[in-house]
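Enquirer: Let's see this in three dimensions:
(one chain, ligands or ions: 1)
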Amino acid sequence: MSYDYDLFVIGGGSGGIATARRAAGYGAKVGLAEFNDLGGTCVNRGCIPKKLMVYASNFPEWFEDAQGYGWGPVHSTFDWHKMITAVNNEVERLNGVYQRMLDKAGVEQFRAYAKLVDPHTLEVGNRKVTADKILIAVGGHPYMPEEVSGIEHAIVSDDMFHLKEQPKRIIILGGGYIGVEFACIMNGLGSQVTQIIRHKEILRGFDEEIRSGIQEGMQQHGIQVLSSRPVNKIEKTPEGLQVEGVTADVVLAAVGRRPNLNNLGLENAGVDIDRGAIAVDEYSRTTQENIFAVGDCTNRLNLTPVAINEGRAVADTEFGGKEQVMSYQNVPTAVFSTPEAATVGLPEAEAREQYGETIKVYRARFKSTYHSLTGRDERTIVKLVVDEDSDRVLGAHMVGEHAGEIVQGVAIAVKMGATKAQFDATLGIHPSTAEEFVTLR
Ligand code: NDP
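Expert: Residues are numbered from 1 along each chain as shown. Coordinates of the predicted model:
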């Protein structure tokens, strides 16, 4: 049986594009459908525009810090519209970069909605195409908690990149990555921020000291965190939107994301759903043997590099003759909050659960050299979780400036199974914050 394509990819986000390019590189005939802008969540309404806004939000503190170093006061003003325009122009430029990358790889693109008709047939816009193998990489969307009365007054993270005006006061619901990062961005840009979380602390799943370290740091930077407050009502009043006695101009619901599964025709192709996500095995194969799924629509570990890696593993295995599975161990991740945090490997509590009494923790909490002149009481936390039996470093965690950049390097060592003795044998770069990772005793 011959098909129009060896591989047809539904979704032009990080996972879909990476798979399409890798498969085409192996000589496969590849088609890709995307009804929205190329680049998916990460490029259009996630990592990239968010990180640009993080940079924008850092300047006011740097202006203040500069005075400790002898600079005079900086009187600068912030133009929200100018920032949003610049950020969106950069996103548009990246859309073009992705377009050219796919063109160069010889991937045929359809700017249309694709839907499964049967295991080898897709309806793409008003065309029907057939494919030997199909990859579903359709991502996810922000979840709206419908049980909260007045939730229609709230916006989601997608909307943050298109607000016409900067809200003077903003309430953020949720204490995950998105809630925390936007709380810090908006606070840095000068909005009055209240973050309301349903449990005691933000960032469930992260190392406990890192969670409290970030939360305390955020509060120190002026964010009001209302904890243990499950929200069930948003009220619209003449003064603004009211939640838990706080009034604001904008309420951002950042209470998680859900896979995009509607209207994909999964049922026509025998692709099963499990707990709200596309069910896949370790090869990202769905319940239909020629159909694969990667990224947020499978709800495994919803990070861009993970989706890319899952997709490349599919392409290597199916088209490159190299069997690959994605490893979910020691995936590093950062929260671009202020203070920033990053982590790789096991949090202390999880390590103790798995390894028991053999866990030894090394930590340092200190003021970085930079802050010795800024007058800011900012603490950096560096922590290693070690299994004393094997001497292996099981987890590395950090709160402080450049945590993402620093932990990326540490992650190589952790991924390689480095021991504490090998960390100790590495010389520090002095004076730096990163050297603390090799001087912990
Ligand atoms: P998360 O799942 O990370 O966090 C959701 C938050 O909302 C949690 O604090 C949770 O509380 C809270 N929550 C859930 N339901 C309710 C509810 N009904 N009422 C009140 N609070 C609720 O989701 P995000 O939307 O923040 O992010 C989605 C994913 O995107 C992340 O998991 C991450 O994988 C990815 N991401 C990664 C980034 C990065 O790498 N820097 C940045 C942004 C996103 P609790 O946990 O206490 O139950």
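Enquirer: what pLDDT does Gln1 get?
Expert: Wrong residue type there; residue 1 is Met, not Gln. The confidence metric pLDDT takes the value 79 at Met1.
Enquirer: what separates it from Phe206, distance-wise?
Expert: Distance, Met1 to Phe206, using CB to CB, to the nearest Å: 49 Å. (Glycine included, C-beta is placed from N, CA and C.)
Enquirer: How about Val386?
Expert: Separation of Val386 from Phe206 (CB to CB) stands at 18 Å.
Enquirer: Secondary structure class of Val129, three-state.
Expert: For Val129, the assignment made with DSSP: H, G, I helix; E, B strand; the rest coil gives strand.
Enquirer: partner residues bridging it?
Expert: Taking DSSP bridges, one finds Leu122 as the beta-bridge partners of Val129.
Enquirer: Which of Met1 and Phe206 has more residues huddled nearby?
Expert: Using other CB atoms under 10 Å as the criterion, Met1 and Phe206 rank with Phe206 on top: 21 against 5.
Enquirer: Can you tell me the element the more buried one falls in?
Expert: For Phe206, there is no host helix or strand (DSSP states H and E).
Enquirer: Spatially, and excluding backbone neighbours, which residue is closest to the residue of the stretch 1-150 of the chain found nearest the ligand.
Expert: For the stretch 1-150 of the chain and the ligand, the shortest gap (CB to the nearest ligand atom) falls at Pro145, measuring 4.2 Å. Excluding the flanking residues, the one nearest Pro145 by CB to CB, 6 or more residues apart in numbering is Val255, at 5.5 Å.
Enquirer: Show the contacting residues for the one you found.
Expert: By CB atoms under 8 Å, 6 or more residues apart in numbering, the contact list for Val255 reads Tyr143, Pro145, Leu173, Gly174, Gly176, Gly179.
Enquirer: Now, these that are in helices?
Expert: In helices, defined here by DSSP state H, the members of those are Gly179.
Enquirer: got JSON lines for the contacts of Val255, with neighbour count too?
Expert: Listed next are the contacts of Val255 as JSON lines, based on neighbours: other CB atoms under 10 Å:
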{"residue": "Tyr143", "neighbour count": "15"}
{"residue": "Pro145", "neighbour count": "14"}
{"residue": "Leu173", "neighbour count": "25"}
{"residue": "Gly174", "neighbour count": "25"}
{"residue": "Gly176", "neighbour count": "17"}
{"residue": "Gly179", "neighbour count": "24"}
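Enquirer: Need the contacts of Val255 in CSV (columns: distance to Ala334 and pLDDT).
Expert: As requested, the contacts of Val255 are arranged in CSV below (distance: CB to CB, whole Å; pLDDT from 0 to 100):
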residue, distance to Ala334, pLDDT
Tyr143, 23, 98
Pro145, 26, 96
Leu173, 22, 98
Gly174, 18, 98
Gly176, 14, 98
Gly179, 16, 98
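Enquirer: if you look at the contacts of Val255, which of them are in strands?
Expert: Counted as lying in strands by DSSP state E, out of the contacts of Val255, are Leu173.
Enquirer: just the contacts of Val255 now: which is nearest Ala86?
Expert: Proximity of those to Ala86, judged by CB to CB, is greatest for Gly179, which lies at 24.3 Å.
Enquirer: How about that closest one: what's its closest non-neighbour residue?
Expert: Taking CB to CB, 6+ apart as the measure, Gly179 lies nearest to Ala254, with 3.7 Å between them; neighbours along the chain are not counted.
Enquirer: Distance of the one you found relative to the ligand?
Expert: Ala254 sits 5 Å away from the ligand, taking CB to the nearest ligand atom, to the nearest Å as the criterion.
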